[in-house]
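Colleague: Okay, here's the prediction I keep looking at, along with the sequence it came from:
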Amino acid sequence: MAWRLLLSTSYIKPFRLLPPPPPHQIPSPILNINNTQFHYNNSNKTNSRALNLRGPIQRRAQDKNSAGSGGVSDEQAEVVRRAQQGDPLWAIKSSTISDLIGLSLNFFYVLPLLNYAGIHVLEAPVLHPMSEGLFNFVISWTLLFAPLLFTDCRRDRYKWSLDILWGFQMFLTNTFLIPYMAIRLNDKDLNTPQKQTPLASLMTNGAQVVGLIGGGVCLLSIFWALFARGDGDFGNITDRLEFLGSYLGSERLAYAFIWDICLYAIFQPWLIRDNLQNVKPRYQKIVRNLRYIPVVGLVAYLVSLDDTAGADI
């Protein structure tokens with residue numbers, strides 16, 4: 001699943017609308033944003049625009065390496081840029097690729113659980129439980145979105161294949177949901193009725209099963225992230241939470257996961273609200289109240305679907 005590598009924008013160089021003003025017009029320091037101070041060094045005559053960056057990530061390293069030097073070198077600036085944005089797409093580290101392959105092999109914890117059961121047809125890669133839990137949590141939530149999309153009462157506004165849309169969502173990024181959420185607001189075109197595809201029929205007819213599987217894997221992901229691989233050198237819950245903080249602040253894969261979670265948290269209550277008529281009447285109030293809770297509201301929607309939900313429109 002090489003999909004998450006494409007989401008990070010770390011390979012996009014930051015742009016500047018206007019050139020920086022001459023250094024003699026700027027006091028030092030000029031600004032303090034989010035505990036990050038920006039200094040222009042006027043004493044360096046050979047490079048009057050040398051920018052001295054001092055932020056929470058690079059402050060200690062810069063104090064050590066550039067004390068008394070009156071600025072930062074190009075090499076130091078590149079280190080700072082990569083620390084803040086990650087490696088460019090064409091310079092992805094081999095460790096990132098290895099982690100991505102390992103996470104994909106541990107999809108839904110099938111291999112690790114088989115190994116725990118004594119079945120060793122293929123050995124599961126040993127990765128940090130936090131990264132495994134975050135990966136499978138997002139994938140499970142994506143699975144849960146399939147019946148929701150295929151029962152959306154406004155899905156006929158989307159003129160392309162919902163199967164392909166969900167495939168992109170599952171194996172690339174749920175950013176593809178953004179244009180769908182806009183297109184579904186259009187007026188209905190009565191000349192282009194939409195029929196169910198085999199995938200849509202499978203997901204809607206088995207919505208209760210999908211809901212239980214997806215919700216179960218999401219719950220397992222939380223447990224896995226906090227307690228799994230206790231015999232490994234992954235520490236206690238506090239150590240794992242500290243790893244999560246550093247993981248979210250440095251890894252392009254983590255950026256993608258958080259982006260997915262944020263979009264799902266917005267789109268889930270929106271879509272459930274528009275499709276409450278698909279829920280059995282006696283459960284509509286419960287689903288309406290739960291729709292804002294990530295994953296839980298979507299599981300409630302799926303297990304409460306009426307048998308006629310998702311019919312041809």
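Modeller: Looks like it came in fine.
Colleague: name the element residue 112 belongs to?
Modeller: helix 110-116 (DSSP states H and E).
Colleague: what residues does that helix touch?
Modeller: If you take Cβ atoms under 8 Å, 6 or more residues apart in numbering as the criterion, helix 110-116 is touched by 105-106, 120-124, 228. All C-beta atoms are positioned from the backbone trio N, CA, C, and that covers glycine.
Colleague: show me where the stretch 51-200 of the chain has strands.
Modeller: For the stretch 51-200 of the chain, the strands defined by DSSP state E, counting those that start in this stretch cover 51-54.
Colleague: shaky segments in it?
Modeller: 51-92, 95, 190-194 (pLDDT under 70).
Colleague: Contact partners for residue 254?
Modeller: With contact taken as Cβ under 8 Å, 6+ apart, residue 254 is in contact with 131, 134, 247-248.
Colleague: quick check, nearest of these to residue 300?
Modeller: Nearest to residue 300 among these is residue 134, at 23.0 Å by Cβ to Cβ.
Colleague: State the distance from the closest one to residue 105.
Modeller: From residue 134 across to residue 105, the span is 16 Å (Cβ to Cβ, to the nearest Å).
Colleague: Settle it for me: which of the two has more neighbours?
Modeller: Taking other Cβ atoms under 10 Å, residue 134 and residue 105 do not tie; residue 134 has more neighbours (26 against 16).
Colleague: Would you list the phi and psi of residue 125?
Modeller: Here is the backbone geometry of residue 125 (degrees, to the nearest 10): phi -60, psi 140.
Colleague: Next, count neighbours for it.
Modeller: 16.
Colleague: same check, this time on residue 109
Modeller: 18.
Colleague: residue contacts, it?
Modeller: 132, 136, 217, 220, 224.
Colleague: which two in these are spaced the farthest apart?
Modeller: Farthest-apart pair in those is 132 and 217; separation 11.5 Å (Cβ to Cβ).
Colleague: Which one's more surrounded, the two?
Modeller: The residue with more neighbours, out of residue 132 and residue 217, is residue 132; 25 against 21, by other Cβ under 10 Å.
Colleague: Please identify the buried residues of the helix holding residue 112?
Modeller: 111-112 (16 or more other Cβ atoms under 10 Å).
Colleague: next one: stretch 159-170
Modeller: The neighbour-count check on stretch 159-170 (16+ other Cβ under 10 Å) flags 162-163, 165-166, 169-170 as buried.
Colleague: need these in CSV with distance to residue 233, can you?
Modeller: Below are the buried residues of stretch 159-170 laid out as CSV (distance: Cβ to Cβ, whole Å):
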residue, distance to residue 233
162, 45
163, 43
165, 42
166, 38
169, 35
170, 33
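Colleague: Give the single residue among those residues positioned nearest to residue 277.
Modeller: residue 162 (19.0 Å).
Colleague: Can you give me every residue that contacts the closest one?
Modeller: 149-150, 155, 197, 200.
Colleague: cutoff 6 Å now
Modeller: Going by Cβ atoms under 6 Å, 6 or more residues apart in numbering, residue 162 touches residue 149.
Colleague: pLDDT score for the residue nearest to residue 284 when sequence neighbours are not counted?
Modeller: Of all residues not flanking residue 284 in the chain, residue 276 sits nearest, at 5.3 Å (Cβ to Cβ, 6 or more residues apart in numbering). Looking at residue 276, its pLDDT reads 96.
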